[in-house]
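>>> predicted coordinates and the sequence they were generated for:
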Number of protein chains: 2
Amino acid sequence: MDSPPATGPGPRPRADAALADRLALSVLAREGSGVRTADVPGLLAARAGSGGYLVDRIPLDALCGWSFAPGTGDLAHRSGRFFSVAGLRAEVGGAAPHAWRQPVINQPEVGILGLLAREFDGVLHFLMQAKMEPGNAGLIQLSPTVQATRSNYTKVHRGRDVAYLGHFTGPARGRVLADVLQSEHGSWFFRKTNRNMVVEVDEDVPVRDGYLWLTLGQLGELLRHDDVVNMDTRSVLACLPFAPETASALHCDTEVRSWFTEERSLRDVRAELTPLSSVTGWHRDRWAISHEEGRYFEVVAVNVRAEGREVPQWTQPLFHPLGTGVTAFVTRRFGGVRHVLACARREGGFLDTVELGPTVQCTPANHAHLPPDRRPPFLADVLNAPRSAVLFGTTLSEEGGRFLRARSRYLIVEADESTAPTTPPDGFIWVTPGQLNSLTQHGHYVNVQARSLLASLLTTEEPHLSA
Amino acid sequence: MDSPPATGPGPRPRADAALADRLALSVLAREGSGVRTADVPGLLAARAGSGGYLVDRIPLDALCGWSFAPGTGDLAHRSGRFFSVAGLRAEVGGAAPHAWRQPVINQPEVGILGLLAREFDGVLHFLMQAKMEPGNAGLIQLSPTVQATRSNYTKVHRGRDVAYLGHFTGPARGRVLADVLQSEHGSWFFRKTNRNMVVEVDEDVPVRDGYLWLTLGQLGELLRHDDVVNMDTRSVLACLPFAPETASALHCDTEVRSWFTEERSLRDVRAELTPLSSVTGWHRDRWAISHEEGRYFEVVAVNVRAEGREVPQWTQPLFHPLGTGVTAFVTRRFGGVRHVLACARREGGFLDTVELGPTVQCTPANHAHLPPDRRPPFLADVLNAPRSAVLFGTTLSEEGGRFLRARSRYLIVEADESTAPTTPPDGFIWVTPGQLNSLTQHGHYVNVQARSLLASLLTTEEPHLSA
């Protein structure tokens, strides 16, 4: 692409000093210039009820345009686009080496998750879309303004234009506030990357049916409601450059990056795509591809009717996780400064071996057959925490365009030295939300689950104005 | 790994405000506490002359412990370690799609390039090693304190201990000043990553034979001598967190990252390892694997005698590029602020499609058969620049442990609006050295050639003290 035109005759500041304060002001605005915060969940539910949406499980062989390729057995669309379900062979070295095979979603294209921003009465608002996705709990959730795969915006599915896309891709696009490539679920996707963008405009933008302007404070409130703010929104919000609440932390930024570098250096993860037909330990019947012991997830198919979408009817495969997940940050204050306990997670689908994840990230049902001491660290602590210690607890959906009712209990739980010591176990590190937010300015440091929790920390904690 | 122990009872500053000034002071020190700068090249040459070193080309079938694997044809060591020569299949989409196959070095282990730092008389010095590597022009060059593959430090080659390694890997290591995973040549390596580290100690460290303490100013001076400062040193120096000369630039940092994100999103690069035997367009005889039209490089074998090394005699393959390269930044001042023209380079061996490279990076001989308008942009400009416009011009060697006399003319050339316009061609962007240096705090933004040029900019330009 052309580099952005240089504005004015010469150099200008490398950093936008005012932006962090403007974001903080928007967090403080628990109501905005449009719809009342409390009305949003009902509005989404009403839309879901009246939208003429139907999502039905169908047999795999009833998929239209999708088929299992001869030879590889991969489940792919006849256009060769969208995504395919292939096999993954992964191998993890180190102290407890193991290897496994599984089905995985292969979607090499980079999609755009674009959030449009504009000031109303001096307060930044963000243009949210009440978007139906077949896998969503409640069907309709708040998505970014634009949520488009390359197939979407190059019209592979012969649908209508993607609304507002020109604000993110055109030469006339607005001022970029955030723009970074981030990973998605490394357990279900093979090296999936999306472009997380926030673009601010100064001019009026027509608000189409199903779109609404909300402040960060409103989004923070709505994150406390189950299944209202979708995963893509959470991911993009975490990439905005907020002001750090403090310039102090247990570990300086260089130490945090050094610890991360060592984790990446030492973790020996090898993963590659294989034919789906070579995936052992999984079996396929008419309705699903399932794990032999009934764990992890199933690959299923749905038929979708959705009047408000670019295409009013289609069929597609979805991954359907078995059981609700637990995604939790344990948190403590050190010298008054909030920290969360991040974990160096290795997932087979990551581009680069390790990313920072939450303290706990698992589906408890997958570990129920194990003795307690082999279950994920801190899981029991967050599940058994007293109500008063739970700062945040909401059940949220993962990407409804790929996952069928993939829900997880997102928790932020206060701990103390006895449950979460200052010197944590191998593979964990205490960082501030501000440190994580510095890292989300770059790609592939913070995984999508940690970005979800970070979004709620950044939009619901008392923000700090630099002035 | 364990996270670093928290120092003291609570949070401390996230950033080390004094470090940038200490680095600037070291750049200003054109002489240090030890050997005189002007004596270093002679010292290296004397060592090369007296060291009993012999590097001889041998036939490929005279390699000891290395052989072409039946089936794949890959050239590998019988231990399965070090590295292997495999095949690469690469495909680039976009406006000018093309595909090719080539031999490539596959070395999945992460090596350590570690530079030890210490203050003498209040000035930071760095412990350099006068190190022999078989492919080096002049054989001995200044390397970081530690330059070790995992095979090295896990003793696959049954050699002696790696000196000073404990300062970088042990629990008792010093204060980390830089620690980041960086790529190496994407045209010759498949996804090679090295850990670039700088660690400061306060205590006395015994100086072994062949090691010397130098300031950044001394290294900057020595970078003006051909083949004295090796590639690994240049790479590590570029990762130190220098103070930016200015907080202004043509494009703010968010714009630069956004431009980079777009380049990565759009560039359609697919690359994978294949058996060496499947690489068409190359042929193998007794002495080399060569390109059919005599371009690019040859895979050759050498026998090495080196008394001062961990192992006194060995044989190994090396890549031998045909012709001297040109690696150049075009530079201009905008509003008095130095900028360089970076290029979004796609190389088949990069982990993630695109990195920022120099304005020009090529071996002219590989393009001599093309009409002038199809040769690399800016190549003619930098080659024909008047002497007075050349701010920096030194012939430097690439990694001498993998490449045989891989030399390139490193240039920094002043340009003006007529040769390098403010609005540059597609795929180029004006950035300040400070902006590049911010990006080298993270991995896979700035390629190894651009890091080399950046090292010379950071250690030879007048440094700016924040005070």
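Received, thanks. Numbers count the residues shown, from 1 in each chain, chains lettered A, B, ... in the order given.

>>> how close does residue A:59 sit to chain B?
33 Å (CB to the nearest CB, to the nearest Å). The way it works is simple: take the backbone N, C-alpha and C, and place the C-beta from them, glycine included.

>>> low-confidence ranges, the stretch 151-300 of chain A, go.
Along the stretch 151-300 of chain A, the model assigns pLDDT under 70 to residues A:151-160, A:172.

>>> all helices for it, in order.
For the stretch 151-300 of chain A, the helices defined by DSSP state H, counting those that start in this stretch occupy A:166-169, A:216-222, A:231-237, A:253-266.

>>> mean neighbour count, those: which tops it?
Burial of the helices of the stretch 151-300 of chain A is given as mean neighbour count (mean count of other CB atoms under 10 Å in any protein chain shown); helix A:231-237 ranks first at a mean of 28.

>>> so which residue of the stretch 51-200 of chain A comes closest to chain B?
Nearest residue of the stretch 51-200 of chain A to chain B (CB to the nearest CB) works out as residue A:179 at 3.7 Å.

>>> report the beta-bridge partners for that residue.
When bridges are called by DSSP bridges, residue A:179 pairs up with residue A:197.

>>> run through the residues that contact it.
Residues near residue A:179 by CB atoms under 8 Å, 6 or more residues apart in numbering or on different chains: A:195, A:196, A:197, A:198, B:254, B:257, B:258, B:261, B:262.

>>> so which of the residues you listed comes closest to residue A:19?
Minimum distance to residue A:19 across the contacts of residue A:179 is 8.6 Å, recorded for residue B:254 (CB to CB).

>>> wait, that closest one touches residue A:197, no?
No. In this structure residue B:254 lies outside contact range of residue A:197 using CB atoms under 8 Å: 10.9 Å.

>>> and for those two, which residues touch both?
Residues touching both residue B:254 and residue A:197 (CB under 8 Å, 6+ apart): A:176, A:178, A:179.

>>> out of the contacts of residue A:179, who's nearest residue A:369?
Using CB to CB, the contacts of residue A:179 come closest to residue A:369 at residue A:196, 36.8 Å.

>>> ok, the closest one - contacts?
Residues near residue A:196 by CB under 8 Å, 6+ apart: A:113, A:178, A:179, A:180, A:181, A:182, A:235, A:236, A:239.

>>> dump those into TSV; add distance to residue A:17 as well.
Listed next are these as TSV, based on distance: CB to CB, whole Å:
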residue	distance to residue A:17
A:113	26
A:178	16
A:179	19
A:180	20
A:181	26
A:182	25
A:235	26
A:236	22
A:239	19
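
>>> ok, which of the helices of the stretch 151-300 of chain A comes nearest chain B?
Nearest to chain B among those is helix A:253-266 (3.7 Å), distances taken as CB to the nearest CB.

>>> related to what we said a few turns ago, for residue A:324, which of the helices of the stretch 151-300 of chain A is the nearest?
Closest of those to residue A:324 is helix A:231-237, at 14.8 Å (criterion: CB to CB).

>>> follow-up on the earlier one: any idea how far residue A:15 is from the residue of the stretch 51-200 of chain A closest to chain B?
15 Å (CB to CB, to the nearest Å).

>>> hmm, residue A:185 is touching residue A:345, no?
No. Counting by CB under 8 Å, residue A:185 sits too far from residue A:345 to count as a contact (10.9 Å).

>>> between these two, who's got more neighbours?
Neighbour totals were compared for residue A:185 and residue A:345, and residue A:185 leads with 24 against 21 (other CB atoms under 10 Å in any protein chain shown).

>>> report the contact partners of residue A:322.
With contact set as CB under 8 Å, 6+ apart, residue A:322 has these partners: A:294, A:295, A:296, A:297, A:298, A:363, A:365, A:366.

>>> thought the last one was touching residue A:325?
By that I understand residue A:366. No. Using CB under 8 Å as the test, residue A:366 is too far from residue A:325 to be in contact (9.3 Å).

>>> in the stretch 251-400 of chain A, what residue comes closest to chain B?
Closest point on the stretch 251-400 of chain A to chain B, by CB to the nearest CB, is residue A:335, at 3.0 Å.

>>> just the contacts of residue A:322 that are near chain B?
On the criterion CB under 8 Å from any CB of the partner chain, none of the entries of the contacts of residue A:322 sits beside chain B.

>>> which residue packs closest to residue A:150, ignoring adjacent ones?
The shortest distance from residue A:150 to any non-neighbouring residue, by CB to CB, 6 or more residues apart in numbering or on different chains, is to residue A:109 (4.1 Å).
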